[in-house]
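[1] Structure for this input, please:
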Amino acid sequence: MKYVVLLGDGMADEPMPELGGKTPLQCARTPFMDRLAREGQIGLAQTIPEGFPPGSDVANLSVFGYDPVQCYSGRSPLEAASMGVSLAPEDVSFRLNLVTLGKDGDGEIMEDFSAGHITTDEAREIVLTLQKELGTENFQFYPGVSYRHLLVWRGGVDTMSFTPPHDITGQPVGGQLPRGEGAEVLLELMERARSILASHPVNEKRQAEGKRPANAMWLWGQGRAPHMPTLQERFGLSGAVISAVDLIKGIGIYAGLDVIDVPGATGYIDTNYRGKAEYALEALKTRDYIYVHVEAPDEASHGGLLQEKIRAIEAFDEMVVGTVFEGLRSMGPFRLLITPDHPTPLRLMTHTSKPVPFILYGSEGEFASQPEAACYDEAAAAASGLFIEKGFQLMEMLLASRNQGA
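    Residues are numbered from 1 along each chain as shown. Predicted coordinates:
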């Protein structure tokens, strides 16, 4: 039996006036997900427990089958695992975004939380400079992918409060800087980084080309290394994860999964959708389980790009869902879970904690529900009457038929 999770990050949204009161998911052409919704089971799941931030870290932990209430310790430690950075129990890891801050009267605004989607090579050069100029025995900087990087504070403090930069696009940053015990140390680092980045050759070149500079580093998502049993220990599953995002790879590593890198996987609208699907099918020849994550709909939402989000959803349906579904049909019995991790409404350009629409499909009809759904979207999921209060139970539902059919 093969088990597959296909996750379209941030696909869920709100009804929009410019779409005649429909959501992007309702307007997108999604024949494969519509078919699977009709032939399987559709409903809503709460992936963000009450009191938790509506981030991809918490939400994806839930979809992986972990209860965030029991194991969540912060976003950055998960990314550290993907980057091969070891954390001692007393160490604190921070997400380091390279961002563009812009002027707004006498203050500054978060002009771009991704520094114009800076390239990985450009960002690596900048972060290595930060390590050379600011790195010490206590503070180490590690380059990641595009705008997403890592700062580790050895023996550090993790009680301060932060604001994710994608939550304040176009808004003043003055009241959103780190605050609480230990914040003054980080604020000093951030200020010293400003002077380094102002004259960095990468930024000078980007500005000359009319691109946004990475003129500041923004710290958030702190935490210590979590304690998580592997999926092999919990369910006896061997598997792999496919994503362009360090966070998802890191969760996969803690879950005991192999990380499969796909050429051309970028995390944006131009990602290699079909390549992810093809690599997933190849991985399933020797494994029980695969988790395929596509970031593009979420990135479009953060940018407020309606048409790009619709295109990303359609590409996910055609090239990921369609390719995997057709390939699985020749591999014997299988189970599919298709879902977003959280909603990312275009109106807000950030995440919310509302439930997400999911599909459970079994090749042998185990999840077929009556009455059947006409399509896959937020409204159809709500109309089904099925609500999973604890999102981590989706994984248990996906695998329940495994035990019943054994």
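[2] Tell me if I'm right that R194 and N215 touch.
    Yes - if you go by CB atoms under 8 Å, R194 and N215 touch, sitting 7.0 Å apart. Bear in mind the C-beta positions are built from the backbone N, C-alpha and C, glycine included.
[3] Of these two, which one has the most company?
    Neighbour count, other CB atoms under 10 Å: between R194 and N215, N215 has more, with 22 against 13.
[4] pretty sure the more buried one contacts M110?
    No - contact between N215 and M110 fails when scored by CB under 8 Å: they sit 11.6 Å apart.
[5] what residues are shared contacts of these two?
    Residues touching both N215 and M110 by CB atoms under 8 Å, 6 or more residues apart in numbering: 99, 101.
[6] For the stretch 1-150 of the chain, which segments count as strands?
    2-8, 41-45, 92-104, 107-112, 139-145, 148-153 (DSSP state E, counting those that start in this stretch).
[7] strands paired with the first one, and their directions?
    With DSSP bridges as the test, strand 2-8 is paired with strand 289-294 (parallel), strand 334-339 (parallel).
[8] closest to C71 out of the ones you listed?
    Closest to C71 of the strands paired with strand 2-8, according to CB to CB: strand 289-294, at 16.5 Å.
[9] Not counting the closest one itself, show me its contacts.
    Contact with strand 289-294 is made by 2-9, 60, 64, 231, 237-245, 248, 252, 257, 271, 273, 276-277, 280, 283-284, 312, 316, 320, 324, as judged by CB under 8 Å, 6+ apart.
[10] now the next helix or strand after it: mean pLDDT?
    Following strand 289-294 in sequence order, the next helix or strand is helix 296-302 (DSSP states H and E). Across helix 296-302, pLDDT averages out at 95.
[11] Relative to G21, tell me which of the strands of the stretch 1-150 of the chain wins on proximity.
    Closest to G21 of these, according to CB to CB: strand 41-45, at 19.3 Å.
[12] name the helices or strands packed onto that closest one?
    Contacts defined by 3 or more CB pairs under 8 Å, 6 or more residues apart in numbering; DSSP states H and E place strand 41-45 against strand 356-362, helix 378-383, strand 387-388.
[13] In its sheet, which strands sit next to it, and in what direction?
    Assessed with DSSP bridges, strand 41-45 is paired to strand 356-362 (antiparallel), strand 387-388 (parallel).
[14] Now the first one - C-alpha only, CSV.
    Output for strand 356-362, consisting of C-alpha atoms alone and laid out as CSV, is shown next (Å, rounded to 0.1, in the frame of the first residue of the first chain):
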residue,chain,number,x,y,z
VAL,A,356,-8.7,24.1,5.5
PRO,A,357,-10.5,21.9,3.0
PHE,A,358,-9.0,18.4,2.5
ILE,A,359,-9.6,15.4,0.3
LEU,A,360,-9.1,11.8,1.4
TYR,A,361,-9.1,9.3,-1.5
GLY,A,362,-8.6,5.6,-1.5
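[15] can you list contacts of that strand?
    Contacts for strand 356-362 (CB under 8 Å, 6+ apart): 12, 25, 33, 36-37, 39-45, 47, 59, 333-343, 367-368, 376-378, 380-382, 388, 391, 394, 397-398, 401.
[16] what's the most buried one of the strands paired with strand 2-8?
    Highest mean neighbour count among the strands paired with strand 2-8 (mean count of other CB atoms under 10 Å): strand 289-294, with a mean of 27.
[17] ok now do I242, which residues does it touch?
    Shown in contact with I242 (CB under 8 Å, 6+ apart): 260, 262, 265, 276, 279-280, 283, 290-293.
[18] 7 Å - rerun?
    By CB atoms under 7 Å, 6 or more residues apart in numbering, the contact set of I242 is 260, 262, 276, 279-280, 290, 292-293.
[19] And for G267?
    By CB under 7 Å, 6+ apart, the neighbours of G267 are 244-245, 295, 299.
[20] Deepest in the core, which of the strands paired with strand 41-45 is it.
    When the strands paired with strand 41-45 are compared using mean count of other CB under 10 Å, strand 356-362 is most buried, at a mean of 26.
[21] pLDDT score assigned to the most centrally placed residue in the chain?
    What sits nearest the mean C-alpha location of the chain, by CA atoms, centre = their mean, is S56, with 4.4 Å. For S56, the pLDDT comes out at 94.
[22] nearest residue to it other than its sequence neighbours?
    D341 (5.6 Å; CB to CB, 6 or more residues apart in numbering).
[23] quick one: pLDDT of the one you found?
    pLDDT at D341 comes out at 98.
[24] ok, it to I48 distance?
    9 Å (CB to CB, to the nearest Å).
[25] And L394, by the same measure?
    13 Å.
[26] just checking, the residue nearest to the centre of the chain touches D9?
    Yes - under the criterion of CB atoms under 7 Å, S56 is in contact with D9, at a separation of 6.4 Å.
[27] Common neighbours of the two, please.
    Between them, S56 and D9 share these contacting residues under CB under 7 Å, 6+ apart: D341.
[28] remind me which residues of the stretch 151-300 of the chain are low pLDDT?
    Regions of the stretch 151-300 of the chain meeting the criterion pLDDT under 70 are absent.
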